[in-house]
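Asks: Return a 3D structure for these sequence lines:
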Amino acid sequence: QVQLVESGGGLVQPGGSLRLSCAASGFTFNSYAMRWFRQAPGMERELVAAMGDVPGTEIYAGSVKGRFTIFRDNAKYTVYLQMNTLRPEDTAVYYCNAIRRTPFYEFWGQGTQVTVSS
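Replies: Below you'll find the model as predicted:
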């Protein structure tokens, strides 16, 4: 059974930091690109960060570049999103996503709430 379980969300003040984790199971983690999306109320889901199966393949949305870092531990089947210098506009539900193009498979986590507020 495929599972992506996010954790690490919560309430943080502007300028603070959080680290999100996404624990994967039920599929060959090393064969999948991993992505973090977010969705704020009334907004479409947007890609925040993504990486392939090895370091050096990271990409970021312009709004988070330099503040967020995606990294993975293939031995632990876990992907992380380190979020620094958080802003109120980072408030959203953050979702973990695993994707493989050939053959095509895609899995989603249930999401974790991040709220940036004083």
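
Asks: In stretch 30-47, which residues are buried?
Replies: 32-38 (16 or more other C-beta atoms under 10 Å). For glycine as for every other residue, the C-beta is placed from the backbone atoms N, C-alpha and C.

Asks: Low-confidence ranges, the protein, go.
Replies: Regions of the chain meeting the criterion pLDDT under 70 are absent.

Asks: Taking the centroid of it, which residue is nearest it?
Replies: Trp36 (2.8 Å; C-alpha atoms, centre = their mean).

Asks: separation between it and Ala98?
Replies: Distance from Trp36 to Ala98, counting by C-beta to C-beta, to the nearest Å: 11 Å.

Asks: roughly how far is stretch 96-111 from the heart of the chain?
Replies: 12 Å (C-alpha atoms, centre = their mean, to the nearest Å).

Asks: Could I get the full set of strands for the protein?
Replies: Ranges of strands within the chain are 3-7, 10-12, 18-25, 33-39, 46-51, 59-60, 68-73, 78-83, 92-100, 105-108, 112-116, based on DSSP state E.

Asks: thinking again about what came up before, so the residue nearest to the centre of the chain sits against Met51, correct?
Replies: No - look at Trp36 against Met51 with C-beta atoms under 8 Å: they stay out of range, at 9.4 Å.

Asks: joint contacts of these two?
Replies: Shared between the contact lists of Trp36 and Met51 (criterion: C-beta atoms under 8 Å, 6 or more residues apart in numbering) are residues 70, 79.

Asks: Show me what the nearest residue to Leu47 once chain neighbours are set aside is bridged to.
Replies: Leaving out its chain neighbours, the residue that sits closest to Leu47 by C-beta to C-beta, 6 or more residues apart in numbering is Phe37, at 5.6 Å. Note on Phe37: beta-bridge partners by DSSP bridges are Leu47, Tyr95.

Asks: how much space between Phe37 and Leu81?
Replies: Applying C-beta to C-beta to Phe37 and Leu81 gives a distance of 10 Å.

Asks: who touches both of these two?
Replies: Common neighbours of Phe37 and Leu81 (C-beta under 8 Å, 6+ apart) are 48, 94.

Asks: Show the contacting residues for Val64.
Replies: Per C-beta under 8 Å, 6+ apart, neighbours of Val64: 48-49, 83, 90.
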